[in-house]
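J.: any chance you could fold what I've pasted below:
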Amino acid sequence: VQLVESGGGLVQAGGSLRLSCVGSGFTFDDYAIGWFRLAPGKAREAIGCIGLSDGTTKYADFAQGRFTISSDNAKNTVSLQINNLKPEDTAVYYCSAHETLIDVCVGHGYWGQGTRVTVSS
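T.: All right, here's what the predicted structure looks like:
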């Protein structure tokens, strides 16, 4: 299983970013993908997750409204859209993969290398 995140960068507060997670080495539709972030000095934080067989999504409370997870199974890609970015969104964003939604939502499974997002005020 390989996961490659991309799309991070430096953005001003109020802007938007779309992060991508491309998976390979597994049957994409049979898995679930989670998005997490790790900010300096903070614990890893779950953002949300998506079941790739049916598109079921779950979000952490803080992520409701500004964060949207979607998938394009034909391209083995899961996206994380972040709107109205805030300086506190500065973090390395990771995706993970597991066969079950419950497990991936809590951080079990395979991980990508992350993509860094920096939000300036």
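
J.: rest of the way, CA atoms for contacts and neighbours
T.: Fine.

J.: continuing past the lowest-mean-pLDDT helix or strand in the chain, what's the next helix or strand?
T.: Sorting the helices and strands of the chain by mean pLDDT, DSSP states H and E puts helix 101-105 at the bottom, at a mean of 95. Per DSSP states H and E, the first helix or strand lying C-terminal to helix 101-105 is strand 110-111.

J.: quick check: buried residues in stretch 87-104?
T.: Using 16 or more other C-alpha atoms under 10 Å as the test for burial, stretch 87-104 gives 89-104.

J.: OK, contacts around the most centrally placed residue in the chain?
T.: In the chain, the centroid-proximal residue (C-alpha atoms, centre = their mean) is residue 35; its distance is 2.7 Å. Going by C-alpha atoms under 8 Å, 6 or more residues apart in numbering, residue 35 touches 46, 47, 48, 49, 80, 93, 94, 95, 96.

J.: could you rerun that using 6 Å?
T.: Residue 35 is in contact with 47, 48, 94, 95, counting by C-alpha atoms under 6 Å, 6 or more residues apart in numbering.

J.: do the same with residue 39
T.: Under the criterion of C-alpha under 6 Å, 6+ apart, the contact list for residue 39 reads residue 91.

J.: any idea how far residue 91 lies from residue 72?
T.: As judged by C-alpha to C-alpha, to the nearest Å, residue 91 and residue 72 stand 24 Å apart.

J.: once you drop chain neighbours, what's closest to residue 24?
T.: In space, and not counting its chain neighbours, residue 24 is closest to residue 2: 5.2 Å by C-alpha to C-alpha, 6 or more residues apart in numbering.

J.: for that neighbour, what are phi and psi?
T.: Main-chain dihedrals, residue 2, degrees, to the nearest 10: phi -130, psi 140.

J.: quick check: the gap between it and residue 59.
T.: For residue 2, the distance to residue 59 equals 23 Å [C-alpha to C-alpha].

J.: who has more neighbours, those two?
T.: Per other C-alpha atoms under 10 Å, whichever of residue 2 and residue 59 has more neighbours is residue 59, with 19 against 15.
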